Structures are given as structure tokens and as C-alpha cells.
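In: need a 3D model of the sequence below.
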Amino acid sequence: MKKALLINPPVYDTQYWERWSLPHGLLKIATYLAENDYEVRLLDCLVGDDKGRVKAKRKEMVRVGTRERWTPKPWGSRLKYDEKAISCYGREPEDFKRELKEERKQNPLFAWAPDEVWITSIMSYWWESTRDVIRICKEFFPHAKIRVGGIYPTLAPWHAEKNLELGDPLVVAGEKLNLADAALMSRDLIVTGELPEANDLELALNLYTDCGHPPPKYTILTTSRGCPRDCEYCAAYVLSGRRVRSRGVDSVFNEIKAKYALGIRDFCFYEDNLLMAKKNFKEILTRIIEDKELKGIELHSPEGLEIRLVDPELAKMMKAAGFRRIYLPLESIDYKFIGQYERDFYTLKDFEKAVRIFEEAGFEKPQEINVFVLFGLPGENLQQVYDTAIYASNRTGSVIPMLFAPVPGTPVFDKFQDYIDEMQFDFQDLNGKLLPFLEYNRRVVKGKYELTIQDMYDVEVFMFRLNEKLRERTFKVGAPTKMASAFRKVFTSYSSVYGDQKTRTYEPDAPIDADIRNLITEYHGTGKSLVSV
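Out: Predicted coordinates for the structure are as follows:
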């Protein structure tokens with residue numbers, strides 16, 4: 001019987017949220033290996049404490065919008081406006097290494113020598129922690145063969161092959177991986193794409209308690225794979241193909257029942273596009289609603305829903321089955337701009353209709369309908385970002401800012417390859433939180449206004465302020481209240497970045513077929529007062 005150690009590496013980033021970050025692909029691989037007579041153990045470096053908090057330690061400093069990095073001073077210091085701290089979230093490689101040295105004889109996990117080490121690698125800009133874990137495994141398990149899989153190696157196998165220090169790895173598609181092929185399995189492997197035999201398997205959550213981790217409080221469900229859309233900045237169809245494949249309803253429902261029996265009450269649908277297989281999804285919801293034993297269950301879809309596929313029956317079923325919050329990808333109301341990225345397949349009328357459907361189904365309380373607003377895209381201007389945020393807030397009350405990060409393997413990445421090369425960016429520099437397209441956009445708006453790092457920070461602060469609650473009600477800028485009136489007065493007093501255009505009047509209850517550009521007040525100005533409004 002072979003032994004396999006599965007590792008979820010730590011994260012190097014400016015921020016990290018543990019929620020919905022369970023390594024579901026790795027846990028399916030664990031089930032797959034166990035079914036093929038492997039003895040499997042798990043080391044999840046991102047396990048949080050009882051409150052879900054993940055330990056963080058400052059690792060390095062970075063100058064925003066550049067590739068400049070340096071080691072932070074040990075006593076710490078106040079960050080300058082153009083600096084961000086990169087922290088190691090989770091179990092640090094040095095801690096892992098020290099534990100291997102000190103505890104191999106006492107701790108059964110570390111004393112146990114694996115034949116294979118399977119490592120998941122998710123975001124391409126997190127690749128460095130994967131490399132650091134591989135270094136340690138090579139040192140302490142020199143005879144073990146390494147298998148690296150996940151989103152990063154699938155999108156950029158050439159980068160993984162060059163930078164992960166595996167020596168002479170073999171790049172192999174998951175569909176061609178054969179555990180019985182001795183010649184293949186004798187090599188270090190970079191596994192790309194899906195492993196079909198593992199796609200529909202349950203997550204091996206038992207490994208958490210078996211290997212000394214606290215048990216997860218939620219689980220992730222994948223009911224379908226694939227997306228036919230051509231969105232240039234999304235990698236869904238690159239990762240899983242364009243053909244939508246649905247998992248059997250019985251398989252999904254049996255997994256829900258099994259995890260419920262283990263004490264799990266939160267279930268997260270995490271997939272390319274949940275509603276592309278709407279009939280399948282409705283059948284799953286029906287089974288959940290009809291099963292009276294599933295008490296206290298809560299369902300989540302944090303990746304968002306396809307706006308055009310929402311219908312009244314679906315919304316009511318989602319509410320009855322246990323959905324408490326809805327996430328919709330508005331992204332931008334400037335459809336001429338967003339159309340450059342093949343993302344203009346729905347309209348504001350579609351968005352308004354979807355919001356109304358969910359409101360009629362009972363999603364009415366603050367933050368029960370949430371809207372994603374994208375910013376940081378190359379070629380954008382901040383006016384359309386502000387316009388989108390204020391429209392979304394007034395319509396639903398909850399805005400979720402999303403900073404754009406270019407994804408290797410997508411058309412938008414190729415489109416701006418010359419700029420990426422000019423800036424000498426590697427993948428870790430393309431993290432959206434580091435504003436990789438700041439310099440590009442400075443050039444785009446040159447002569448109109450001077451784009452600064454503070455302007456970008458103010459956008460995010462503005463969105464969070466739109467979500468402020470007053471007396472347990474989400475603040476709406478279009479509401480007939482004194483606070484909302486004062487808020488509008490402040491913003492309408494700003495000078496527009498388009499000084500030659502006439503200031504417009506904001507009308508919160510305009511009909512859905514009106515041009516939204518005629519409904520939004522020009523209020524950007526310098527943005528400096530956004531942090532003190």
C-alpha cells in the first residue's frame with residue numbers, strides 16, 4: 001500500500017479570508033487515492049482557529065503598482081501610502097520545517113514517510129508558497145515523488161515547470177494520469193486540468209480530525225463543471241472546458257446527507273456557473289426542501305449567479321431550501337467598456353429583473369442581495385466605477401468590491417502581455433490588491449486627471465461606506481433620510497473628472513429601461529474626502 005501526504009500550502013498575500021477556502025479539489029483527490037488503496041494523510045496549512053481566523057506573520061513589503069519588494073524591519077513601522085505588507089497566512093514554512101526536525105519521532109504525521117506528496121496550488125499569484133513547501137518536502141522526504149495540481153499549474157504549466165524547483169518534472173493532463181503506470185508515477189508530476197475519476201467524489205473531511213486538525217464547520221459542493229461564456233478575463237472555460245457537465249442529483253444529495261450527519265450545516269455551491277445546469281440544481285433544491293431531517297441547513301453561492309438565468313420559481317426554491325444571501329455579478333454599468341472583454345451578454349434590465357425576482361421571493365433584509373463591482377481593469381476610468389457602485393448600493397444596499405487580477409491563460413492576459421513584460425511583473429506582482437494596472441491606467445487618463453494610488457484606495461473605501469448600517473438598516477444613498485440627503489449633497493458638490501459635462505441629477509427610482517448614465521450624479525472630484533465623509 002502506497003502512502004500519500006496531501007498538503008494545502010500557506011498563502012502569501014496582503015489579505016486572506018478563510019471562509020469558503022476549503023481545498024475541495026485536494027480533498028476529492030484524497031478520496032480518489034483512498035479508493036485506490038493509498039494510505040492518505042492531510043496537512044492543511046490554512047486551518048483557522050475556533051473563530052475561523054488564520055494566523056498571519058508579515059513576510060515582506062511591496063511598493064504598490066511595481067515589482068519592488070524588500071524585507072520588513074523586525075520592529076515594524078507605519079506603512080507609507082504606496083506600501084503594502086505581504087504576510088504569510090497559515091502555517092509558515094519555517095514552522096513546518098522546525099516541526100519536521102523536532103517532532104518526527106513524537107508526531108505520527110511527521111514520522112510517517114510518504115511515497116508521494118500531493119500539493120494543491122490555487123491562485124497563480126500564490127505560487128511562491130507552493131515552491132517553498134516543495135523545497136521542504138524535497139529536504140525531508142527525498143524519496144517521495146511530488147504531484148502538483150490545481151488552478152495555477154493548469155493555467156501556467158510552463159511557469160510551474162520553470163519555477164517550482166522540481167528538477168525534471170513531467171507535465172501530464174489529469175485525464176491521462178494513471179496510478180498504475182509505474183514509469184509515469186516514478187516522476188515528479190505537474191498535473192493540469194481535471195482528474196475525471198475524482199470530479200464527482202465526496203470530500204474526505206474525515207482527514208481533518210484523523211490528522212489532528214479541527215473539523216471543518218462547512219463543506220463545498222460542486223454540482224456542475226464547464227462554462228460556455230467567452231469572458232476574456234475569466235478562466236472558467238480554460239480550466240473546465242466549455243461543455244457544461246452535471247453531477248448526478250443522487251450523488252450530490254447523498255453527500256449533503258452524509259456531511260449533515262457529521263454536523264455540517266453550511267453548504268457552499270462552488271463552481272463555474274451554478275445556473276448553467278439549472279434543471280439539475282432545481283432538483284437538488286427540491287430534495288433538500290422535501291427532506292424534513294435537514295433542519296438548520298444554510299446554503300451559499302459566493303461565486304455569484306448568472307443573472308439572465310434567474311426565474312421566480314428558482315428564487316423561491318432557493319429561499320425555501322436555505323439560501324440566506326444572494327450574490328449577483330453586476331461588475332460595471334458601462335457596457336461599452338465591459339463589452340471590450342466579452343462580458344456584455346446581460347443588460348441592466350436583466351439585472352433589475354433578477355433583483356426584483358429575489359426581492360419578491362423574500363430576500364429583502366440588508367445584505368441579503370449582494371452585488372459584485374469590478375475595478376482595477378486596464379483602460380477603466382474611476383467615474384464608471386463610482387457610478388456602478390452608487391447604482392448597485394441604491395438598488396440592493398450591498399456592494400462587494402472586486403479588484404481585477406489578470407489570469408494566465410486568458411485572452412486579457414495575452415492582450416496585455418507587452419505591458420506585463422515592460423513592468424517586469426512575475427505572477428506574484430499581478431495580485432489585484434497590488435494594483436498591477438495602475439501605471440497603465442495613469443497613461444490612459446493622462447490629460448484628463450492625475451490617477452493616484454489614493455484614488456484607488458478611495459474607491460474601495462467608498463464602497464465600504466455605502467455598506468454602512470444605520471439602526472440595523474443598510475444605508476441607501478437614494479433614501480429620503482437626512483443622512484442620505486447630506487451624503488448626496490456632499491458628493492454633488494464635487495467637480496467631475498469630466499469638467500466639461502453638465503452635472504446630472506440622481507434619480508433612485510427611475511424606470512429600468514432608462515439609460516442609467518442619465519441617472520447618476522457626477523461626483524468623483526479628487527476623492528480625498530471619501531475617507532472622512
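In: pLDDT score for Lys57?
Out: Lys57 carries a pLDDT value of 92.
In: so who does the nearest residue to it once chain neighbours are set aside touch?
Out: Leaving aside its sequence neighbours, Lys57 sits nearest to Cys88 (C-beta to C-beta, 6 or more residues apart in numbering; 5.3 Å). (Glycine included, C-beta is placed from N, CA and C.) By C-beta atoms under 8 Å, 6 or more residues apart in numbering, the residues touching Cys88 are 10-12, 56-57, 59, 129.
In: show me which of those residues are buried.
Out: Among the contacts of Cys88, those buried by neighbour count (16 or more other C-beta atoms under 10 Å) are 10-12, 56, 59, 129.
In: show me which pair in those residues is furthest apart.
Out: Based on C-beta to C-beta, the longest span within the buried ones among the contacts of Cys88 runs between Ala56 and Ser129 and measures 13.0 Å.
In: now do the strands in the stretch 1-150 of the chain.
Out: 2-8, 11-13, 38-44, 56-63, 69-70, 83-89, 116-120, 145-149 (DSSP state E, counting those that start in this stretch).
In: scratch that, the stretch 251-400 of the chain is what I was asking about
Out: For the stretch 251-400 of the chain, the strands defined by DSSP E, counting those that start in this stretch occupy 266-269, 298-300, 326-331, 369-375, 399-403.
In: okay if I get the strands of the stretch 1-150 of the chain as CSV plus distance to Glu460?
Out: Shown next, in CSV, are the strands of the stretch 1-150 of the chain (distance: least, C-beta to C-beta, whole Å):
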stretch, distance to Glu460
strand 2-8, 28
strand 11-13, 16
strand 38-44, 30
strand 56-63, 17
strand 69-70, 22
strand 83-89, 13
strand 116-120, 29
strand 145-149, 33
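In: of all the ones you listed, which lies closest to Ala204?
Out: Comparing the strands of the stretch 1-150 of the chain by C-beta to C-beta, strand 38-44 comes nearest, at 7.1 Å.
In: for that closest one, list the C-alpha coordinates in PDB.
Out: Output of strand 38-44 as PDB, limited to C-alpha atoms (Å, rounded to 0.1, in the frame of the first residue of the first chain):
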ATOM      1  CA  TYR A  38      -3.500   4.500  -0.700                       C
ATOM      2  CA  GLU A  39      -2.900   5.400   2.900                       C
ATOM      3  CA  VAL A  40      -3.700   9.100   2.900                       C
ATOM      4  CA  ARG A  41      -2.800  11.900   5.400                       C
ATOM      5  CA  LEU A  42      -3.500  15.600   5.200                       C
ATOM      6  CA  LEU A  43      -1.600  18.700   6.200                       C
ATOM      7  CA  ASP A  44      -3.700  21.900   5.700                       C
END
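In: pull up the pairing partners for that strand, direction included.
Out: strand 2-8 (parallel) (DSSP bridges).
In: quick one, the partner strand and strand 145-149 angle?
Out: Angle, strand 2-8 to strand 145-149, by axes from the mean of the first three to the mean of the last three C-alpha atoms, to 10 degrees: 40 degrees.
In: shouldn't Pro9 be in contact with Cys45?
Out: Yes: at 5.6 Å, Pro9 counts as touching Cys45 under the criterion of C-beta atoms under 8 Å.
In: which one's more surrounded, the two?
Out: Pro9 (30 against 22; other C-beta atoms under 10 Å).
In: so, low pLDDT: which residues of the stretch 401-533 of the chain?
Out: 469-533 (pLDDT under 70).
In: so where do the strands sit in it?
Out: Going by DSSP E, counting those that start in this stretch, the stretch 401-533 of the chain shows strands at 469-470, 473-474.
In: list the residues that contact both of Pro9 and Cys45?
Out: 90, 133.
In: center of the protein - which residue?
Out: Glu303 (7.4 Å; C-alpha atoms, centre = their mean).
In: that one contacts Leu275, doesn't it?
Out: No: taking contacts as C-beta under 8 Å, Glu303 lies outside contact range of Leu275: 10.9 Å.
In: which stretches in the stretch 251-400 of the chain count as helices?
Out: Counting by DSSP state H, counting those that start in this stretch, one finds helices in the stretch 251-400 of the chain at the ranges 278-290, 312-321, 335-338, 348-360, 382-396.
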